[in-house]
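Engineer: I would like the atomic coordinates for the input below:
(one chain, ligands or ions: 1)
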Amino acid sequence: MALSNIVSRASLAFGLGLLAAAAGTVASAQSFPDRSITMIVPFAAGGSTDVVARIVAQKMSEDLGQQVIVQNVAGAGGNLGADNVARAEPDGYTILMGTVATHALNPLILKSTPYDAEKDFAPISLLVVVPNVLVVNPELPAKNVQELIALLKADPDKYSYASSGNGTPLHLSGELFKSMAGVDMQHIPYKGAGPALNDVIGNQVPIMFDNLPSSSSHIKAGTLRALAVTTAERAPSFPDVPTIAESGIPGYETYTWNALFAPAKTPADIVSRLNASANKALIDPAVAGRMKEFSATIVGSTPEELGAHVKAELAKWKPVVDGAHIQME
Ligand code: GLU
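Structural biologist: This is a model prediction of the structure:
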């Protein structure tokens, strides 16, 4: 999506909000926000969702004139935090930094989720799409995907991989890798990529599928070795890291996205105000620069586009999840 479109859409939405307020048709948006807003991150601190949320929340605070406070409510593959927002007062003061986990993969992979990804939320904006990456502790003697496959085949019971939790894109990445490469390794779910990363850097677990925003600095520092990215194309900020697909597993693809959601029934004018603020944050040069560092593609959508995206993602990943046999209790 072209940046100019984002700008014009954001200013259009903001303009419409102002018009409606001026006409006196909506009282709520005029005073919104008059206190701090809680942005729930459904994963632990230090993970990709947390990184993206803190960057965006800071800019939104400046724009809205009220603090947007990030709160980590981690657990159950993002379910816990998402459910908190689904049940929150629909007044715009509690919003969710959702991901492909909370809004597409949890409902497909887990036998039941406590919320309905479509009916229980008012979409605000699709913010960014981020690559995932296969990383290993540098002590693991695998320098590329084929060497990792050879290692796993030679000793099928020996290795395990860390992820941000059951029902997340990192869990999907690992299980899809196992099924397409014909290898085995044990899945160790954490409450987010932050704590998972600690254990991989400490070599308690040798392998991890992570989101690039959280692994990026560790790859650059050499505390993690990146074997491949999970996207169809290489990540522009890591041009030397191949894709898994080009490393001998053609057709392999996963990615993550982050999007803001409010509880269903949040008034449209408040959603509009939050949408304008989030989209404005994305075009800030400092924010755009940070996103570029870890190859996050900035989108910035209308609420309707995010609603359509969730529907499309649920349809897209269903056959992949079914094919990799990863449904869980
Ligand atoms: N992998 C998770 C997701 O994209 C996020 C991990 C994290 O932020 O800790 O849904």
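Engineer: What does the pLDDT read for the closest residue to Gly47 other than its chain neighbours?
Structural biologist: Closest residue to Gly47 apart from its sequence neighbours, by C-beta to C-beta, 6 or more residues apart in numbering: Ala193 at 3.5 Å. C-beta: built from backbone N, CA, C; applies to glycine. We have a pLDDT of 93 for Ala193.
Engineer: So Ala193 versus Ile298, what's the distance?
Structural biologist: Distance, Ala193 to Ile298, by C-beta to C-beta, to the nearest Å: 20 Å.
Engineer: quick one: which of those two has more around it?
Structural biologist: Ala193 (32 against 18; other C-beta atoms under 10 Å).
Engineer: give the contact list for that one.
Structural biologist: 43-44, 46-48, 163-164, 170, 208, 210-211, 214-215 (C-beta atoms under 8 Å, 6 or more residues apart in numbering).
Engineer: Looking at those, which one is closest to the ligand?
Structural biologist: Gly47 (2.1 Å; C-beta to the nearest ligand atom).
Engineer: so what pLDDT did Leu16 get?
Structural biologist: The predicted local confidence for Leu16 is 41.
Engineer: Kindly apply the preceding question to Met39 instead.
Structural biologist: 98.
Engineer: likewise Lys111?
Structural biologist: Lys111 is given a pLDDT of 84.
Engineer: Those residues of the stretch 151-300 of the chain touching the ligand, which are they?
Structural biologist: Residues of the stretch 151-300 of the chain found near the ligand (C-beta under 6 Å from any ligand atom) are Ser164, Thr168, Pro169, Leu170, Gly192, Ala193, Gly194, Asn211, Thr256.
Engineer: of all the residues you listed, which two lie farthest apart?
Structural biologist: Spanning the widest gap among those are Pro169 and Gly194, at 15.5 Å by C-beta to C-beta.
Engineer: between the two, which one's more packed in?
Structural biologist: Set Pro169 next to Gly194 and count neighbours by other C-beta under 10 Å: Pro169 wins out with 27 against 21.
Engineer: quick one: the more buried one and Asn106 touch, right?
Structural biologist: No - if you go by C-beta atoms under 8 Å, Pro169 and Asn106 don't touch, sitting 10.4 Å apart.
Engineer: which of the contacts of Ala193 lies closest to Phe261?
Structural biologist: So of these, ranked by how close each gets to Phe261 (C-beta to C-beta), first place is Phe43, at 14.8 Å.
Engineer: Could you look up the SS state of the closest one?
Structural biologist: coil (DSSP: H, G, I helix; E, B strand; the rest coil).
Engineer: my read: it touches Gly192, true?
Structural biologist: Yes - counting by C-beta under 8 Å, Phe43 touches Gly192, with 3.3 Å between them.
Engineer: So these two - more neighbours on which side?
Structural biologist: Phe43 (34 against 30).
Engineer: quick one: the more buried one from Val183, how far?
Structural biologist: Phe43 is 27 Å from Val183, by C-beta to C-beta.
Engineer: same check, this time on Thr230
Structural biologist: Applying C-beta to C-beta, the value for Thr230 to Val183 is 16 Å.
Engineer: between those two, who's got more neighbours?
Structural biologist: Thr230 (27 against 16).
Engineer: about what we covered before: could you list which of the contacts of Ala193 belong to strands?
Structural biologist: Ser163, Met208, Asp210, Asn211 (DSSP state E).
Engineer: and Asp91, how far is that from Thr113?
Structural biologist: For Asp91 relative to Thr113 (C-beta to C-beta), the value is 24 Å.
Engineer: higher neighbour count, the two?
Structural biologist: Each of Asp91 and Thr113 has its neighbours counted (other C-beta under 10 Å); Thr113 has more, 22 against 16.
Engineer: and stretch 167-177, how far from the chain's centre?
Structural biologist: 13 Å (C-alpha atoms, centre = their mean, to the nearest Å).
Engineer: likewise stretch 114-126?
Structural biologist: 15 Å.
Engineer: buried sites along it?
Structural biologist: Going by neighbour count (16 or more other C-beta atoms under 10 Å), the buried part of stretch 114-126 is Tyr115, Ala117, Asp120, Phe121, Ala122, Pro123, Ile124, Ser125, Leu126.
Engineer: what does stretch 303-318 give?
Structural biologist: Residues of stretch 303-318 classed as buried: Pro303, Glu305, Leu306, Gly307, His309, Val310, Glu313, Leu314, Trp317 (neighbour count, 16+ other C-beta under 10 Å).
Engineer: if I pick the last one, what's in contact with it?
Structural biologist: To tie it back to what came earlier, the one meant is Trp317. Counted by C-beta under 8 Å, 6+ apart, Trp317 has contacts Val100, Ala104, Leu105, Leu108, Leu172.
Engineer: same question, the fifth one
Structural biologist: With contacts defined as C-beta under 8 Å, 6+ apart, His309 is in contact with Leu126, Trp257, Ala259, Ser301.
Engineer: which one of these is nearest the ligand?
Structural biologist: Distances from the ligand to the contacts of His309, taken as C-beta to the nearest ligand atom, are shortest for Trp257 (7.8 Å).
Engineer: So the closest one: helix, strand or coil?
Structural biologist: Classified using three-state DSSP, Trp257 is strand.
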